[in-house]
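1. Task: produce atomic coordinates for the following.
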Amino acid sequence: MKILLVRPNPGKESFGLGPFFRVEPLGLEYLGAATRRQGHETVLIDERFDRSAAHWARRLRPQVVGIAVPHALEFDQALSVAKAVRREVPDTFIVVGGGAPACYPPPMETREIDAICVGDGEEVFPALVSALETRRPLTEVPGLRLRTPEGWTSTPEIPEPADLDQIPLPARDLVQRYRGNYHCVQLRPVWLIETARGCPFRCSFCAVWQLHRRLFRERSVASVVEDFARTGGNVFVVDDLFWNHADRSFELAHALKKRSIRKNWVLVQSRTDLVARHAELLEAWRPVAQHFDIFFGFEGASDRSLKGVDKDSSVSMTVEAIEVARSKSYGVTGNFLVDPDWGEVEFQELWDFVARYRLNRAGYTVLTPLPGTEYYKSLELVLEGQPWYKYDMSHVLWEPRLGVERFFELYAETWKRSVLNTAGEKSWSYWLKHVKLSEIPFLVRVLRRTQKLMSGSAYLNEHAAGPPVKPPAA
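-> Below you'll find the model as predicted:
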């Protein structure tokens, strides 16, 4: 069969990570590897850097089209892609998947879409393609929401998620023509690697643990080492919780060093309490890359704010993790949540914390109820009528305690403490010293786009263009 996999252009990206963080569609690369193993002709297009999915559908006439929807803010773009493809190839089977629809399918349950993957795509999608090829009933394929003449229905749940080693390594050659576009601020090209999946913790704002049922699954050391060997010099490890199991982490670090694998730059994501307790792990991993950064979910600058999002950690752990990471020559970056219900005291508390611990590489996102979480369910009436593009964690979805104008004034002031603020401590000259002469035009374009993060009026103008927000829930 001919299969077309699509990473849509997310569309409206005025704020958020889009301007300085564009990465490869790793999930689709896993799907591509799985369907190729079945013998199917598979093409992957990234609309961010290519002609439209409709163009490619018209050219290739695929029997199956898979559309990735990684974030809720992209629901509308995914539907637009599905509609455009349907016009070009009316009989093609269109399926959507990714974290957002798997957590919250309703926005995708339209007549333009035939099925929604609500389980691991690498397991569900190949089974769906096989059923289509052999004309078996799709209701027998676990892990789907299906459109039927009677309406949308669920197929059986996947009883046990697949062993990650049963999934072939990603077919990265499918995006080779786009490789130079994948970057993290000034670093490019960047490769993604997944060594483990899921998270056992229960942060209220996060959909990951709910999607994966609080399970934590790991690839074998041999598989991960092979994946590292296949990738280039700049690597972002997308595990939600790196270093979770100490013994396996030590084994993996040793195996990478034994293969003489050393990268230019590695970024991993982890928890502050985990890093604070395992300085020896950081020491073991440090030789794997010349430059090594840790992205922490800092979330809050006080125990009160951490408790409010069920972080199950403390500010003392945050401080200790920062000290441990820096003592081992790791770069410390991360993110804080900014709650629309804050008063001015909480903003000042955050600014003081950032200054005290020199966290100018941190980012700041508006606390946002992501569809599929209990937090979202508790606010559904307040959120009614808000467009999906506002779920980028840079918009407000209800009336802030301080009012919209003052909230965004203080939110923009918060971002001015970031390394991305070229009018602040890290000026243009700082950035230009860290790139090759040939990379300067690219860096200038990226940083210019990020400067809106520091503009209160830019947020206000964007907010005024959308529907009005409601008062917070009582």
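
2. how about the residue nearest the centre of the chain, what does it touch?
-> For the chain, the residue sitting closest to the mean C-alpha position, by CA atoms, centre = their mean, is P70 at 6.8 Å. For P70, the contact set (CB atoms under 8 Å, 6 or more residues apart in numbering) comprises 27, 98-100. Using the backbone N, CA and C atoms, a C-beta is placed for each residue, glycine as well.

3. so how far is T110 from it?
-> 19 Å (CB to CB, to the nearest Å).

4. Could you do V23 as well?
-> Using CB to CB, V23 is found at 28 Å from T110.

5. Quick one: residues in contact with stretch 297-307.
-> 203, 269, 271-272, 308-309, 311, 313-315, 318, 334-337, 339, 346, 349-350, 352-354, 359, 362.

6. taking the mean pLDDT, what do you get for that stretch?
-> In this model, stretch 297-307 has a mean pLDDT of 95.

7. List the buried residues of that stretch.
-> 297-301, 305-306 (16 or more other CB atoms under 10 Å).

8. do stretch 90-108 as well
-> 92-105, 107-108.

9. gap between it and the chain center?
-> Taking the mean of its C-alpha atoms, stretch 90-108 sits 17 Å from the chain's own mean (CA atoms, centre = their mean, to the nearest Å).

10. And stretch 341-356, by the same measure?
-> On CA atoms, centre = their mean, the centre of stretch 341-356 falls 26 Å from the chain's centre.

11. Show the average pLDDT along it.
-> The average pLDDT for stretch 341-356 rounds to 97.

12. Stretch 97-115 too?
-> Mean predicted confidence for stretch 97-115 is 96.

13. again with stretch 269-288
-> 96.

14. That one: which residues count as buried?
-> In stretch 269-288, counting by 16+ other CB under 10 Å, buried: 269-279, 281-282, 284-285, 288.

15. What number of residues are in the vicinity of E160?
-> E160 has 7 neighbouring residues, counting by other CB atoms under 10 Å.

16. ditto for the one 10 residues further on
-> By other CB under 10 Å, 27 other residues sit near P170.

17. Name the nearest residue to V324, ignoring sequence neighbours.
-> Leaving aside its chain neighbours, V324 sits nearest to A279 (4.7 Å; criterion: CB to CB, 6 or more residues apart in numbering).

18. Tell me how far that neighbour lies from Y459.
-> In terms of CB to CB, A279 sits 39 Å off from Y459.

19. same question, H55
-> 35 Å.

20. Looking at the two, which has the bigger crowd around it?
-> Neighbour totals were compared for H55 and Y459, and Y459 leads with 25 against 14 (other CB under 10 Å).

21. Wait, a strand at N335?
-> Yes. Counting by DSSP: H, G, I helix; E, B strand; the rest coil, one finds N335 located in a strand.

22. so what's it up against?
-> Contacts of N335 (CB under 8 Å, 6+ apart): 295-299, 362-365.

23. from those, which single one is nearest I158?
-> G297 (27.7 Å; CB to CB).

24. how about the closest one, secondary structure?
-> strand.

25. any idea how far it lies from A72?
-> G297 sits 19 Å away from A72, going by CB to CB.

26. and if you look at Y459?
-> Taking CB to CB, one finds Y459 at 19 Å from A72.

27. same check, this time on S14
-> Using CB to CB, we find S14 at a distance of 16 Å from A72.

28. Neighbour count: the two, which is higher?
-> Between S14 and A72, counted using other CB under 10 Å, A72 has the larger neighbour count: 26 against 18.

29. give me the low-pLDDT residue ranges for the stretch 351-474 of the chain?
-> Flagging of the stretch 351-474 of the chain using pLDDT under 70 yields the residue ranges 421-435, 438-440, 442-444, 474.

30. Wasn't H395 part of a strand?
-> No. Residue state for H395 (three-state DSSP) corresponds to coil; a strand is not indicated.

31. Could you report the neighbour count for it?
-> Neighbour number of H395 under other CB under 10 Å is 23.

32. give me every residue that touches it.
-> Applying CB under 8 Å, 6+ apart, we find H395 in contact with 15, 366, 368, 389, 459, 462-463, 466.

33. quick one: it and C203, what's the gap?
-> Distance of H395 to C203, given as CB to CB: 21 Å.

34. And V345, by the same measure?
-> Look at V345 and C203: by CB to CB, they are 23 Å apart.

35. quick one, which of the two is more surrounded?
-> C203 (21 against 8).
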